[in-house]
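A.B. asks: Got a predicted model here, sequence first, then my questions.
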Amino acid sequence: MRIDDTIAKVLKAKTQNKVLSIAPEQTVYEALELMAHYDIGALLVCADGRLLGILSERDYARKCALTGHPSKETPVGDIMTRHVLSVSPQHTVDECLALMTEHRFRHLPVVEDERVVGMVSIGDLVKWVISGQQQAIEALEGYITGGYPS
């Protein structure tokens, strides 16, 4: 688990790698129910497997709750973020962390051949990096204590 590993590796290792999405005509309330059920902070907005946008808790808070739009009546397409950066499975963990930091978002769709194949969060990537560091620490400890194989 290294920072130069591909996002394809991260997606394979995720325990919950189901692509969760919602259609733009569905209500914001339905999206919030899905996010609560799966304990996630964002949903991809898709039609026919193609990425149209993303709906995050931040979108809801700023474009619905604060403006008085009723979530049970507002379509997701009205408040979703339309201009979404995405990456391919060949991008590295490091590249994705840099994109997320630079653009200040926490969820990154993974697209291959114009089809959504997954999504990674900042939490997924931080967990990946920490796991790699833990493995390196354990290997060094083994080496220092003589438990490392020759």
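C.D. replies: Here it is on my side, so go on.

A.B. asks: Listing request: residues of this protein with sub-threshold pLDDT.
C.D. replies: 1, 15-17, 132-140, 143, 147-150 (pLDDT under 70).

A.B. asks: what about 80?
C.D. replies: 1-3, 15-17, 131-150 (pLDDT under 80).

A.B. asks: residue ranges for the helices of it, please.
C.D. replies: Remark: helices assigned in the chain by DSSP state H are 7-13, 28-38, 57-60, 76-79, 93-103, 122-144.

A.B. asks: With mean neighbour count and distance to E112 as added columns, please give those in CSV.
C.D. replies: All C-beta atoms are positioned from the backbone trio N, CA, C, and that covers glycine. Converted to CSV, the helices of the chain look like this (neighbours: other Cβ atoms under 10 Å; distance: least, Cβ to Cβ, whole Å):
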stretch, mean neighbour count, distance to E112
helix 7-13, 17, 9
helix 28-38, 17, 22
helix 57-60, 19, 25
helix 76-79, 20, 24
helix 93-103, 15, 15
helix 122-144, 13, 17
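
A.B. asks: okay, the ones you listed in CSV with distance to D48 next?
C.D. replies: Formatted as CSV, these follow (distance: least, Cβ to Cβ, whole Å):
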stretch, distance to D48
helix 7-13, 21
helix 28-38, 18
helix 57-60, 22
helix 76-79, 15
helix 93-103, 25
helix 122-144, 26
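
A.B. asks: Relative to V19, which of those is closest?
C.D. replies: With Cβ to Cβ as the measure, helix 7-13 is the member of those nearest V19 (9.8 Å).

A.B. asks: Give me the contacts around the closest one.
C.D. replies: For helix 7-13, the external contacting residues (Cβ atoms under 8 Å, 6 or more residues apart in numbering) are 17, 87-93, 96, 110, 117-118, 120, 124-125, 128.

A.B. asks: got it, and stretch 50-64?
C.D. replies: 22, 24, 28, 31-32, 35, 41-46, 69, 71, 74, 76-82, 84, 86, 105-107, 109, 111, 114-116.

A.B. asks: Tell me which two of the contacts of helix 7-13 sit farthest apart.
C.D. replies: N17 and T92 (18.2 Å).

A.B. asks: Next one: A65 from R58, what distance?
C.D. replies: 11 Å (Cβ to Cβ, to the nearest Å).
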